[in-house]
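> here you go, sequence then predicted model.
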Amino acid sequence: MKLLRETVMLGALSATLAGAPLVAQGEERIMPVTDPLTLKECGECHMAFPPSLLSASSWRSVMANLDDHYGDNASLPEKETAAITAYLVANTGRWGSPGVSGSSAGQPLPRFTESQRFAHEHRRFTPDRLAREGIKSIVDCVACHRGAEQGYYDDD
Amino acid sequence: MKRPFSGNWKVALWRLWHGGIVGSGVVAYLTADEDFFFMHQFSGYLFSGLVAARLVAAVLARGKGPLALRRPAKPDAEALSGRGPLIRLVMPWMAAIMLLGFALAGYSGIAADWFKPMEGLHESLAEAAPWLVAGHLALVLGLLWRPRKGLGALLGAGLSRLGRSASVLGRRMGVALGAVALASGLGLALPDPAAAGSAQDAVMADLLARAQAADPAVTAFDPARGEALYLSRNTVDATKPSCSSCHTPDPRNQGEHVKTGRAIDPMAVSANPDRVSDLGQLDKRFSRDCPAVLGRDCTATEQGDFAAFLLSR
């Protein structure tokens, strides 16, 4: 019995030591935009958001309404619009869009900030707090995540 | 009250351990959601290490002395008959449940640190910790507390210990933040003052041809008229952005998108040689920004004046 107990304890200990080198970085990686055209055109006014933040239907809805892009005119020539749409739709991913509404006609444009995961992870960053810290918008990713454009969203 | 290191050294060691696990546990719990993630990480690893150390100490104690962990036993009539036997019955159960709960919380945190998808599990497991502590406090106070010992003194000692560990962590954090600030300050790149070239000349020639097609009387563009356009307020809605809302009143400055906070490279060619080098880019911005700021498209002459203004700065 005693031997069993000691074996279990030593097992727990060695598991800890094996798994716990003392310095580690909490790290979240989201594949950044790599397409040069998407980087340039989206990145002119805001960080080019990773395609995996929205579903394919949400991206199509965003890209079909560039003339009223959340209140701003972001229209592009048809050729560019089609190329960027194709890139975004081909690279949607695991963040997907649970919680995101409005990807069909007549509804407001989908916002990745409404996704359950985004809202949960940013629940403490209220508009008041952003204003206090001089951050203009919750979608200014690099204001907090310095490596966001390279795809790193560490908790820093 | 006994001083911490008087008497049995094993008891002193246990007290030290207890202080450490309380301190690191409280700090880890309180910083779970904070910005200074480093603090949560540090205290969490310390906490997990202390749980492991407690298990090692129990193994080394070989069932004897204050550091041993006893096997929880089933209650019997004798155990429920008096205070002493009741304590001997309850303590092993309490220790086993707490160590198991703390080990799950701590080790799942380490797992989450290395493998992000474990985060949800860690959050749920760690939420059990305050309940374990509450139960622990209730049991200890109920079974062991004798009022004459002075709870106030006991709490005071515990709090000062907690305060000391928090202040050490705070200092370390301050040093780390300072280093980060210094590093990012040193990392500022100097702008490259490259000269404007023939690309701008070609764009200006195209703009002039366009303006003359619309109005044959045009012979040259006027940077001063372009500047007036740049500095004019939004004529559609005074609360809406004008050129300078994002680009600042001096086009040589770096701008910032008024809604998204996105950094915008300078508009003036002297500060950013890429400007006015691509007619397609200019046309795209004119087609968006003229209606937004003026409520109409810019004339070909206005486009040329504006480009001439950016070139003149």
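Cool, got the structure.
> burial count for residue B:124?
Residue B:124: 12 surrounding residues under other Cβ atoms under 10 Å in any protein chain shown. In this view, the C-beta of every residue, glycine as well, is placed from N, C-alpha and C.
> quick one: pLDDT of the residue nearest the centre of chain A?
What sits nearest the mean C-alpha location of chain A, by Cα atoms, centre = their mean, is residue A:53, with 5.0 Å. You'll see residue A:53 listed with a pLDDT of 89.
> for residue A:32, see how far away the nearest residue to it once chain neighbours are set aside is.
Using Cβ to Cβ, 6 or more residues apart in numbering or on different chains and skipping the chain neighbours, the partner closest in space to residue A:53 is residue A:112 (3.9 Å). With distances taken as Cβ to Cβ, to the nearest Å, residue A:112 is found 14 Å from residue A:32.
> ok, these two, which is more surrounded?
Taking neighbours as other Cβ under 10 Å, residue A:112 and residue A:32 compare with residue A:112 leading, 22 against 18.
> need the residues of chain B near chain A, please.
Chain B comes close to chain A at residues B:33, B:35, B:37, B:41, B:45, B:48-49, B:51-52, B:55-56, B:58-59, B:62-63, B:71, B:103, B:107, B:110-114, B:116, B:184, B:256-262, B:284, B:287-289, B:291-292, as judged by Cβ under 8 Å from any Cβ of the partner chain.
> are any of those residues buried, and which?
Among the residues of chain B next to chain A, the ones that count as buried by 16 or more other Cβ atoms under 10 Å in any protein chain shown are B:37, B:41, B:45, B:48-49, B:51-52, B:55, B:58-59, B:103, B:107, B:110-113, B:256-262, B:284, B:288-289, B:291-292.
> what's the neighbour count on residue B:137?
11.
> quick check: which element contains it?
helix B:129-144 (DSSP states H and E).
> tell me the contacts of the residue of the stretch 151-300 of chain B found nearest chain A?
Minimum separation of the stretch 151-300 of chain B from chain A (Cβ to the nearest Cβ) falls at residue B:261, amounting to 3.6 Å. Contact analysis of residue B:261 by Cβ atoms under 8 Å, 6 or more residues apart in numbering or on different chains lists A:135, A:136, A:137, A:140, A:143.
> I'd guessed the third one sits against residue A:130; true?
Yes. Applying Cβ atoms under 8 Å, one finds residue A:137 in contact with residue A:130, separated by 7.3 Å.
> just the pLDDT for the residue nearest to residue A:133 when sequence neighbours are not counted.
On the basis of Cβ to Cβ, 6+ apart, the spatially nearest residue to residue A:133 that is not a chain neighbour turns out to be residue A:143, at 7.9 Å. If you check residue A:143, the pLDDT there is 90.
> could you pull up the contacting residues of residue A:143?
Shown in contact with residue A:143 (Cβ under 8 Å, 6+ apart): A:133, A:135, B:261.
> could you say which helix or strand holds the last one?
When elements are defined using DSSP H and E, residue B:261 is found to belong to no helix and no strand.
> any idea how far it is from residue B:271?
Look at residue B:261 and residue B:271: by Cβ to Cβ, they are 20 Å apart.
> equivalent analysis for the first one, please.
Counting by Cβ to Cβ, the gap from residue A:133 to residue B:271 is 28 Å.
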